[in-house]
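Engineer: Test case, fold it:
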Amino acid sequence: MHDFLIPFVEELKKLQKEGIKWKDIKHGKDSVKTTKVFTLTCSRDAPARFAMQNFKQFNRKFGCGFCEQEGLRVAKGKGHCRIYPFNGQVAAKRTFENCVRNAEEALATDKSVKGVKGTSVLKNLDPNFNMVDGFIPEYMHCVLLGVTRQLVCLFVESSGSLYSLRAKDIRRLDIRIRDLKLPHEATRKLRTTKDISFWKASEWRIFLLTSPVLLKHILNHTVYKHWLLFVHGITLLLGTNISRDDIAKAEDCLKRFLSGVKDIYGIAEQSYNIHLLLHLSATVKAWGPLWANSCFVFEDALGKLKTLHHGTKAVPMQITSAYTSKSLLGVLVSKQEIRNHQILKFIEEMQAKHAVTKKVTNINGCMLYGKPTYRNLLRTEEKAILKLLGDQLISTRVQFYNRMCYSGHIFSCKDYCSKFIHADYAVSLSIRNCVEIHRIIVLNGEVYFIGENIPATKFLMCYPQVGSLCSNILSISDDDAQCKSKTIAFKPLDVINKYVILPMTEKSVTYFIPINVAEY
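Structural biologist: Numbers count the residues shown, from 1 in each chain. Below is the predicted model:
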C-alpha cells in the first residue's frame, strides 16, 4: 500500500499546486483555464482504510480509526473476536496531531502506539486532507453490508433466541418481500431470504428502508422496537435537507440502539461495524448525508469496467483500450461532419447509458416514451389543470402518455404499472405527502401529471423518551383507498420523492415507504 500511495500522493500534490490547464471553447478558442483539484474525503471499506492510514485492523487492540477505544477480546463460536462495548460514553476522538505523534513514537520504539503502526504517506496531503477526519465510516460497507446484514442474518439463520424467526415467520416475510413494488431507482429486485447469503448492497439498502413494514408483527416486539431505533437513526442521516436537530436525534437513536445490543443479541455481537454507528453523526455533520460519500458510485463504475473485456488474456489492456475508445468517441464525432442518420443513431446508442427506446419525444427535458393517445380532458381533470395554471384559455384536447423520464427518474401511470414489476406512480410533492400519478399529459407544449392525493396516515411506533419512529412511512387501509380522493395537477419539477409500495393483503392495508431519489 505504501508503494502504491507514493505516486498517488505526488500526483495529488501536483494537481493541488499546478492544477489542470484546459481550453474553454465556449468563451473563445484562446480561453485557457486552470482547475485545481483538492482532496477532502476518502471513502473506503475498513481493511483498505487501515492500510492507507497505517493503523491496526479492527480485530486488534485500538482497532478503531476514529476513536481510541481499545476493544475487548471475547469468545465467539469456536474462536474469538474483538468487540467494542458501549457503556454510554464515547472514547476519546483521534486527532491528526495525536496520530502524527503516535506514528513517530511507533517508529522510534518499533511498537504500535494506540493502534498506530507508523507514518502514512497521506500525511503529506495536509492541510487539505486530514488523515483522520478525511476518512469516513462508509455507509455501504458499515451500515448495509455490516450492521444490517449481521443482524438480519441472526433473525433468519438462528434458532431458539429472542430475535430468531420461526419457519412460518420467515415464510410470511418472504411473501411480503415478493409483494414489494419497487420504483426503477431500485436496480435490483429484492430476493427472498433463501438467497440472503447472496444479497448485494443495493438489496440490503431496500430491505433496511422497508424493514419497519416487512418485520412488523413478525419480529419479537422488543427486538422490533430496538431495530426501529437503528432504522430511524440511519434514515435521518440519509436525508437531503438534514438539520442539526435531525443529527442530534439520529445520534440519540443510535446510542440507544448500541446500548441495547448486548442485552438482546449477546456480548459477542457488539461488532466493529456496530461501534462505527457512534461516529456516523459526526461524519454527516462534517461531510453531508451518508449517501453523498458512499461507495455505490465507485462499485457501479467497477461493474461497468468489468464489461469492457471479452477474453482471458491481457485483461487490463483490453479494459484500457475499450475505455479509451469509448471516451474518445464523442470527441472524434464532434470533429467529423457525419450526415448519415443511421451512423449518428448507431453512435448515439453506443454512448447511451441505458437501452434506447425506439419512440421518444423530448419536451423541455421530459423524455416521453411510446406513441401518445389523444382525447378531451374530463371535467375533473380540466378543473385540476385550471387550478394549477389559473383561468387561462387552454385546449381541452391533449396528448396522453403512459411513461416518461425526467431528470434521470422514470414516472409511469398507475394503470400502466399494474402490468409490470416496477411501480413508478407513487410520488411525494412535500414531506409526508403521497400522490398517485394517473395521467401524463402534454398541454400547450408543457408536460403535466394528473393524479390523486392518497388519504394516508403516518406509520407510528413510539419509543420512550424518543418519540415516534419512522413517521416518514405512510399507510392507507383498503376501505380508505375506495373513497374518492381529490384530483390534482402538478409538474414533474414539483416531485421531490418516490415511494416503494407494499400492499399487505393480510392486514388489508397498503404501505408507502419513501426512497431518497437523490441517492440514486
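Engineer: CA atoms for contacts and neighbours, from now on please.
Structural biologist: OK.
Engineer: per-residue confidence averaged over stretch 75-85?
Structural biologist: Stretch 75-85 shows a mean pLDDT of 93.
Engineer: Over to it now: how far is its first residue from its last?
Structural biologist: Length of stretch 75-85, first residue to last, C-alpha to C-alpha, to the nearest Å: 14 Å.
Engineer: which residues sit against that stretch?
Structural biologist: Contacts to stretch 75-85, defined as C-alpha atoms under 8 Å, 6 or more residues apart in numbering, come from residues 58-60, 69-74, 267-272, 275.
Engineer: list the contacts for Leu278?
Structural biologist: Counting by C-alpha under 8 Å, 6+ apart, Leu278 has contacts Val90, Glu251, Leu254, Lys255.
Engineer: Then Thr457?
Structural biologist: Per C-alpha under 8 Å, 6+ apart, neighbours of Thr457: Leu474, Ser475, Ile476.
Engineer: next one: Arg60
Structural biologist: Arg82, Gly115.
Engineer: With Ile83 as the reference, measure out to it.
Structural biologist: Counting by C-alpha to C-alpha, the gap from Arg60 to Ile83 is 10 Å.
Engineer: same question, Gly63
Structural biologist: Gly63 is 10 Å from Ile83, by C-alpha to C-alpha.
Engineer: okay, and the common contacts of these two?
Structural biologist: Gly71.
Engineer: ok, back up a step: so among the contacts of Thr457, which ones count as buried?
Structural biologist: Among the contacts of Thr457, those classed as buried by neighbour count (16 or more other C-alpha atoms under 10 Å) are Leu474, Ser475, Ile476.
Engineer: which residue sits closest to the second one, ignoring its sequence neighbours?
Structural biologist: Nearest non-adjacent residue to Ser475, counting by C-alpha to C-alpha, 6 or more residues apart in numbering: Tyr511, 4.3 Å away.
Engineer: ok now the strand or helix carrying that neighbour, how far from the chain's centre?
Structural biologist: According to DSSP states H and E, Tyr511 maps onto strand 509-515. Distance of strand 509-515 from the chain centroid (C-alpha atoms, centre = their mean, to the nearest Å) equals 17 Å.
Engineer: That one: partners in the sheet, and parallel or antiparallel?
Structural biologist: Partners of strand 509-515 in the sheet, by DSSP bridges, are strand 474-477 (antiparallel), strand 497-504 (antiparallel).
Engineer: Alpha carbons only: can I get that strand in PDB?
Structural biologist: Extracted in PDB, the C-alpha atoms of strand 509-515 (Å, rounded to 0.1, in the frame of the first residue of the first chain):
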ATOM      1  CA  VAL A 509     -53.600  -2.100   4.200                       C
ATOM      2  CA  THR A 510     -51.000  -0.700   1.700                       C
ATOM      3  CA  TYR A 511     -47.800   0.900   2.900                       C
ATOM      4  CA  PHE A 512     -45.800   3.600   1.100                       C
ATOM      5  CA  ILE A 513     -42.100   3.700   2.000                       C
ATOM      6  CA  PRO A 514     -40.200   6.800   0.700                       C
ATOM      7  CA  ILE A 515     -36.800   6.400  -1.000                       C
END
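Engineer: got a winner among the contacts of Leu278 for most neighbours?
Structural biologist: Leu254 (26 neighbours; other C-alpha atoms under 10 Å).
Engineer: so that residue touches Phe230, yeah?
Structural biologist: Yes - Leu254 lies in contact with Phe230 (C-alpha atoms under 8 Å); the separation is 5.8 Å.
Engineer: Isn't Asp480 up against Pro455?
Structural biologist: Yes - with contact defined as C-alpha under 8 Å, Asp480 reaches Pro455; the gap is 7.0 Å.
Engineer: of the contacts of stretch 75-85, buried ones?
Structural biologist: Buried members of the contacts of stretch 75-85, counted by 16+ other C-alpha under 10 Å: 58-60, 69-72, 267-272, 275.
Engineer: Sitting in strands, which of the residues you listed do you find?
Structural biologist: Leu72 (DSSP state E).
Engineer: Take the buried ones among the contacts of stretch 75-85 and write them to TSV, including distance to Phe129.
Structural biologist: Formatted as TSV, the buried ones among the contacts of stretch 75-85 follow (distance: C-alpha to C-alpha, whole Å):
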residue	distance to Phe129
Phe58	23
Asn59	26
Arg60	26
Gln69	24
Glu70	26
Gly71	28
Leu72	31
Ile267	36
Ala268	35
Glu269	34
Gln270	31
Ser271	28
Tyr272	25
His275	24
